[in-house]
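1. pasting the sequence and the predicted coordinates here, then a few questions.
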Amino acid sequence: MYVLGINAVFHDSAACLLKDGKLIAAAEDERFTHIKHGKRPVPFSTWELPFHAINYCLEAANIHLSEIDHVAYSFDPYQLIGEKYRGQASIAIPFDQSAGLAEDEWQNPWDPLFLSYILNAPRQLKDGYPHHLQKRFKGTRLDDFKFHYVEHHISHAASAFHPSPYEEAAVMTLDGRGELATTTYNVGKGNSLERIGQVNMPHSLGLLYEQLTSYLGFLHSSDEYKVMALASYGKPEFVNDFREIIVPGPKGMYEIKDPAFEERFGKTRLRHEEFTAHHFNIAHSLQVVLEERVLEICQWLHEETRQDNLCLAGGVALNCVLNARIRDKSPFRNIWVQPAAGDAGTALGAAIWVDVQERQSPSRAFEMTHAYWGPDYSDAEIEKFIKWAKVPYRKLDNIAEEAADLLAQDKIIGWYQGRMEFGPRALGSRSILASPIHPEMQARLNEVKDREDFRPVAPVVLEEDAGEWFKGARYSPFMLFIYDVKQEKEEQIPAVRHVDGTARIQTVNREQHPRYYDLLQAFKRKTGVPVLVNTSFNTLGKPIVCSPRDAIECFWTSPFDALVIGSFLIEKEWR
């Protein structure tokens, strides 16, 4: 049985494919269209389905859309439509959004347009595909598959619990918004999820973080991770303000008061204005209070569920500083975070939820031990493109050894190996790698990627050596937690030590990614350091590269030194 999962409502449009409950392929649409996050989260973009990601999933299984049994869409429009409009053939849409609609009808005057697109998603899927993708779409009929609308937060929750290593767990999802819910609490047992509480719009920790992202001059629903980085430079000057804004309630509930940021903190920062200590302190204060409130929720959730394990998803679960506080300060013993915790992961969660309901299998189909579910390209395909593009190259005899030589010489390399990662983190398949030994490497990489100076770069470390270099470090393959750099190791890896002494680490073992692991082993033999800098293979405003063409275009238009792509080396200073 094939289940196609789709996320297309807000942003991070994505698709995945399950066969008899096992994940075959998953990818974000941005990697194919080169539009960051796939699209902006506005009501009139809902018609845009992730056709390129869907096409990849169908290619990976070598099937046609008509062979899909079930389609799982990670949003349930009927939660917003209500009984009044259910079954109606038409609905009023405003010409002038500012005129609005009757207050008792919709949360937003654009909701009718937003929902009509979602309700027409099955028809759009059948025949709205781009012309060049018709091979795997053309001729599909509506009755070829059964279409399911899955609640947004149950999609998040299923993506967190079902692929986790736990048979039982508390499950918490924190994001901007779903249909109505913004935060939900579930108990997972076996293949079941039971909802035990939720917070609804307009109260949302995720939307509050988005609002501050805009206030600080960043792009909301995109740059929240920059606010997290900025927070490390600040002091808790405004924690009392944020304690007034985020008001805790009983049983995991909370309210968000009107933040009125300009009244509290002064005018909004414009994008190109300088950052000041004032901005750092605002970001830091929100981060502190976010951690406080979520830890209070964790205390209640643990008491309520009596579970030792906690699974997390939703965009807020990409906040690795918060995740580390939950790991260290909450009563839960074990934490697992979905690597595609943002909305892309709801494609996977919706598909899993439908698969579980339809197959009624009592056992789990798979555990998500890695994130390598995207496209890969053979050496033959890579070499064919390199020759076609007339790019000078040479084939490597020992990929790990020769790449490690370049890194030991302080060269910055593009590293393109195997299946692309699913989720926002580059984890050694589509990465830019460098040595962490010299402190200037962080600034060099930010210059290469045209990033803000305050942005940290992250380390990858051999799993067996992680505890020697990072305090309390253990298995952490998805770059979703921070750890303190050990004091006695700080001078050996200064490039990956953030201003607060932490690092957002990725651990790797040979089973997860053999070539990546061998590279780290080779670098360790040459330098004594089992750590590399790992940042995503992209430049400012662009998604992570997907195809060999993407990788070579990014390489030749960016100031890094070499590209190791499959078994081949491309250098700008040809030897």
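-> Yes, it's here.
2. start to end distance for stretch 333-346?
-> 25 Å (C-alpha to C-alpha, to the nearest Å).
3. from the chain's centre, how far out does it sit?
-> The chain centroid and the centroid of stretch 333-346 are separated by 8 Å under C-alpha atoms, centre = their mean, to the nearest Å.
4. give the buried residues for it.
-> 335, 336, 337, 338, 339, 340, 341, 342, 343, 344, 345, 346 (16 or more other C-beta atoms under 10 Å). Any C-beta I mention is one placed from the backbone N, CA and C, and that applies to glycine too.
5. do the same with stretch 427-445
-> Buried residues in stretch 427-445 (16+ other C-beta under 10 Å): 427-437, 441-442, 444-445.
6. quick one: stretch 362-380 to chain centroid distance?
-> 16 Å.
7. which residue packs closest to residue 114, ignoring adjacent ones?
-> Nearest residue to residue 114, sequence neighbours excluded (C-beta to C-beta, 6 or more residues apart in numbering): residue 43, at 3.8 Å.
8. oh, that last question was meant for residue 51, not what I typed.
-> Nearest one to residue 51, counting by C-beta to C-beta, 6+ apart, is residue 129 at 4.9 Å.
9. any idea how far residue 139 is from the one you found?
-> 11 Å (C-beta to C-beta, to the nearest Å).
10. same check on residue 199?
-> For residue 199, the distance to residue 139 - C-beta to C-beta - is 45 Å.
11. please say which of those two ends up with more neighbours.
-> Neighbour count, other C-beta atoms under 10 Å: between residue 199 and residue 139, residue 199 has more, with 21 against 11.
12. ok, residue 80 - how many residues close by?
-> Residue 80 has 18 nearby residues by other C-beta under 10 Å.
13. residues contacting it?
-> 106, 107, 111, 115, 179, 180 (C-beta atoms under 8 Å, 6 or more residues apart in numbering).
14. hmm, try it at 7 Å
-> Shown in contact with residue 80 (C-beta atoms under 7 Å, 6 or more residues apart in numbering): 111, 115, 179.
15. just say helix, strand or coil for the second one.
-> For residue 115, the reduced secondary structure class is helix; criterion used: DSSP: H, G, I helix; E, B strand; the rest coil.
16. you'd agree it is up against residue 78?
-> No - counting by C-beta atoms under 7 Å, residue 115 stays clear of residue 78, with 9.1 Å between them.
17. higher neighbour count, these two?
-> A side-by-side neighbour count of residue 115 and residue 78, using other C-beta under 10 Å, places residue 115 first with 21 against 15.
18. surely residue 516 meets residue 508?
-> Yes - at 5.7 Å, residue 516 and residue 508 qualify as touching, with contact defined as C-beta under 7 Å.
19. quick one, strands of the stretch 301-450 of the chain?
-> Secondary structure of the stretch 301-450 of the chain by DSSP state E, counting those that start in this stretch: the strands cover 309-313, 334-337, 394-395, 413-416, 430-434.
20. as CSV, these with distance to residue 28 and mean pLDDT would be great.
-> CSV is the format used below for these (distance: least, C-beta to C-beta, whole Å; pLDDT from 0 to 100):
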stretch, distance to residue 28, mean pLDDT
strand 309-313, 16, 98
strand 334-337, 17, 98
strand 394-395, 31, 96
strand 413-416, 17, 98
strand 430-434, 12, 98
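21. quick one: residue 143 from residue 150, how far?
-> Distance, residue 143 to residue 150, using C-beta to C-beta: 20 Å.
22. more neighbours: which of these two?
-> The neighbour count for residue 143 versus residue 150, taken as other C-beta under 10 Å, is higher for residue 150 (23 against 7).
23. wait, what's in contact with that one?
-> 72, 73, 74, 76, 350, 353, 354 are the contacts of residue 150 under C-beta under 7 Å, 6+ apart.
24. quick check: buried residues in the helix ranked longest in the chain?
-> Ranked by residue count under DSSP state H, the longest helix found in the chain is helix 277-305. The neighbour-count check on helix 277-305 (16+ other C-beta under 10 Å) flags 279-295, 297-298, 300-302, 305 as buried.
25. still on that earlier bit, can I get the contacts of residue 80 in a markdown table with pLDDT?
-> Below are these laid out as a markdown table (pLDDT from 0 to 100):
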| residue | pLDDT |
| --- | --- |
| 111 | 83 |
| 115 | 89 |
| 179 | 94 |
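26. list the contacts of residue 543.
-> Going by C-beta under 7 Å, 6+ apart, residue 543 touches 30, 31, 34, 36.
27. and the two most separated of the residues you listed?
-> Farthest apart among the contacts of residue 543 by C-beta to C-beta are 31 and 36. That separation is 10.3 Å.
28. of these two, which one has the most company?
-> Per other C-beta under 10 Å, whichever of residue 31 and residue 36 has more neighbours is residue 31, with 26 against 19.
29. I figured that one hits residue 550, correct?
-> No - Residue 31 is beyond contact range of residue 550, at 8.0 Å (criterion: C-beta under 7 Å).
30. now do the strands in the stretch 151-300 of the chain.
-> Using DSSP E, counting those that start in this stretch, strands in the stretch 151-300 of the chain cover 168-174, 181-189, 192-200, 246-248, 254-256.
31. tell me which of those sits most buried.
-> strand 168-174 (a mean of 26; mean count of other C-beta atoms under 10 Å).
32. wait, which of the strands of the stretch 151-300 of the chain is closest to residue 309?
-> strand 168-174 (3.8 Å).
33. C-alpha coordinates for the closest one, CSV please?
-> Output of strand 168-174 as CSV, limited to C-alpha atoms (Å, rounded to 0.1, in the frame of the first residue of the first chain):
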residue,chain,number,x,y,z
GLU,A,168,5.4,5.0,24.8
ALA,A,169,5.9,8.7,25.2
ALA,A,170,4.4,12.1,25.9
VAL,A,171,4.2,14.1,22.7
MET,A,172,4.3,17.9,22.6
THR,A,173,3.9,20.0,19.4
LEU,A,174,4.7,23.7,19.4
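34. since that was my last question, I'll sign off now.
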